[in-house]
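Enquirer: return atomic coordinates for the entry below.
(one chain, ligands or ions: 2)
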Amino acid sequence: MKRIAIAGIGGVGGYFGGLLARHYAPSGEVEIIFIARGENEREIREHGLRIETPQEDFTVRPSLISSDASQIGGVDLLICCTKSYDLEQSLQQLAPCIGPHTVLLPLLNGVDSRDRIKAVYPQNEVWDGCVYILSRLRAPGRVTVNGNFGSLFFGAAQGTPAQLKATEQLFKAAGMQATLAPDIEATIWQKYVFISSTATLTSYADADFKGIVTEAQNKELLRQLLSEITAVAAAKHISLPDTVAQEIFTRLENIPAGATSSMHSDFKAGKPTEVHSLTDYVVQLGQQLGVPTPTYAQIYEALKKR
Ligand SMILES: NC(=O)C1=CN([C@@H]2O[C@H](COP(=O)(O)OP(=O)(O)OC[C@H]3O[C@@H](n4cnc5c(N)ncnc54)[C@H](OP(=O)(O)O)[C@@H]3O)[C@@H](O)[C@H]2O)C=CC1
Ligand SMILES: CC(C)(CO)C(=O)C(=O)O
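Expert: Ligands and ions are numbered 1, 2, ... in the order given. Next up is the predicted model:
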């Protein structure tokens, strides 16, 4: 992997792309390309990308930053970090970067990104991935990370094993907590069960993560959402640990005070949201698989009107 592009320099792309740029861009050992637009692109080009974490603050400069795919040309790995509702448009726009050997790796929340990418680029190798991080683009060129976790899982059932292994080493050398997951489908579903249920409920109840486990009515709604989504996963033959729901309650109890899901932050800010991929998708899948999801359906109807 000699040319790696990160599409979408927001909370996720800024943090993980930033770690790659810090390690590889100065030597040029691997070219790290940021695909960003608007004020964010201008600010990063002029002053670099500032990353603020609880441990350290630093500024990185990528090898190249652009919104113009024809200026970038072909890349070996394209890491997709847009929001779900921007996935297809960004992929179409990035056609000049995607040659026959380009591998694509989505890090979006959701379980259908790989299929959606395959629908646009059926010939390409597409991996799958997910991240655990609390990170926001606070201002153009400035990413802030909250909490002491920031991990990335990736893998592919039909990927090239040597390339997957080499990429894990490349990520780790850059200081990323990256894991090549043996069963990536189960890994992204485990993340999905967490984020779908909590993003749906934090948005609906207008409460942060702590608020949905401390308030009795919210706690009951969370139990119902978890029971519905795990039934959908089981009907899809996804092997999740029996403890998945309990682990989510434990994780929520240990999350920093005031922290909330990115979907809840987007609802509060009046921005577009990922409600389709995080809430409605479970209802749709439930209907296809004959699994009732009444709590999801009722909350989706309410969120749709906001
Ligand atoms: N933030 C977090 O802590 C976490 C987020 N996630 C998931 O990761 C994904 C990304 O989230 P997040 O990083 O928060 O999102 P952000 O909105 O912070 O970042 C996405 C970026 O992509 C840019 N973008 C979209 N289309 C294009 C394009 N065609 N060309 C260039 N740039 C483009 C957007 O630009 P513009 O603003 O101009 O639209 C924006 O800067 C989501 O699926 C989210 O659910 C997962 C775990 C944690
Ligand atoms: C819950 C969290 C912060 C975990 O990574 C997340 O994925 C999100 O807010 O989108």
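
Enquirer: near ligand 2, which residues of the stretch 201-306 of the chain?
Expert: 261-262 (C-beta under 6 Å from any ligand atom). The C-beta positions use only the backbone N, C-alpha and C, and glycine is treated the same way.

Enquirer: which parts of the protein are strands?
Expert: Assigned by DSSP state E, the strands in the chain fall at 3-7, 31-35, 49-52, 57-60, 64-66, 77-80, 103-106, 125-126, 128-139, 142-155, 177-180.

Enquirer: give me the residues contacting stretch 265-283.
Expert: Stretch 265-283 is contacted by residues 83-85, 108-112, 136, 195-196, 199-200, 203, 206, 228-229, 232, 262-263, 293, 296-297, 299-300, 303-304, 306 when judged by C-beta atoms under 8 Å, 6 or more residues apart in numbering.

Enquirer: and that stretch, anywhere near ligand 1?
Expert: Yes. Residues of stretch 265-283 contacting ligand 1 under C-beta under 6 Å from any ligand atom: Glu274.

Enquirer: which parts of that stretch are buried?
Expert: For stretch 265-283, the neighbour count (16 or more other C-beta atoms under 10 Å) marks 265-267, 273-275, 277-283 as buried.

Enquirer: ok, Asp76 - contacts?
Expert: Counting by C-beta under 8 Å, 6+ apart, Asp76 has contacts 1-4, 101-103.

Enquirer: got a pLDDT number for it?
Expert: pLDDT recorded at Asp76 is 98.

Enquirer: pull the contacting residues for the residue most central in space within the chain.
Expert: Centroid-nearest residue in the chain: Leu108, 2.9 Å away (criterion: C-alpha atoms, centre = their mean). Taking C-beta under 8 Å, 6+ apart, we find Leu108 in contact with 80-84, 87, 277.

Enquirer: now the helices for the chain?
Expert: Ranges of helices in the chain, per DSSP state H, are 11-24, 38-47, 69-72, 87-93, 113-120, 161-173, 184-205, 209-214, 216-235, 244-253, 262-268, 275, 281-289, 294-304.

Enquirer: give me the nearest residue to Ala95, chain neighbours excluded.
Expert: Spatially, and ignoring its direct neighbours in sequence, Ala95 is nearest to Ala69 (6.7 Å; C-beta to C-beta, 6 or more residues apart in numbering).

Enquirer: of the contacts of stretch 265-283, just the buried ones, ChimeraX syntax please.
Expert: Entered in ChimeraX, the line below selects the buried ones among the contacts of stretch 265-283, by 16+ other C-beta under 10 Å:
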select :83,84,108,109,110,111,112,136,195,196,199,200,203,228,229,232,262,263,293,296,297,299,300,303
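
Enquirer: which of the contacts of stretch 265-283 are close to ligand 1?
Expert: Near ligand 1, by the rule C-beta under 6 Å from any ligand atom, you find 83-84, 108-109, 136, 262 out of the contacts of stretch 265-283.

Enquirer: out of the residues you listed, which is nearest to Lys236?
Expert: If you rank these by distance to Lys236 using C-beta to C-beta, Asn109 comes first, at 17.4 Å.

Enquirer: measure the closest residue to that closest one other than its chain neighbours to Asp128 for me?
Expert: Distance criterion C-beta to C-beta, 6+ apart; nearest residue to Asn109, sequence neighbours excluded, is Ile195 at 4.9 Å. To Asp128, Ile195 is 15 Å away according to C-beta to C-beta, to the nearest Å.

Enquirer: please apply the same query to Leu49.
Expert: For Leu49, the distance to Asp128 - C-beta to C-beta - is 26 Å.

Enquirer: tell me which of these two has more neighbours.
Expert: Neighbours per residue (other C-beta atoms under 10 Å) separate Leu49 from Asp128, with Leu49 holding more: 29 against 24.

Enquirer: residues in the stretch 1-150 of the chain within reach of ligand 1, list them.
Expert: 8-13, 35-38, 40, 67, 81-84, 86, 89-90, 93, 107-109, 131, 133-137.

Enquirer: quick one, which of the residues you listed are buried?
Expert: With burial judged by 16+ other C-beta under 10 Å, the buried subset of those is 8-13, 35-36, 40, 81-84, 86, 90, 93, 107-109, 131, 133-137.

Enquirer: and the residue of this structure nearest ligand 1?
Expert: Per C-beta to the nearest ligand atom, Gly10 is where the chain lies closest to ligand 1, at 1.8 Å.
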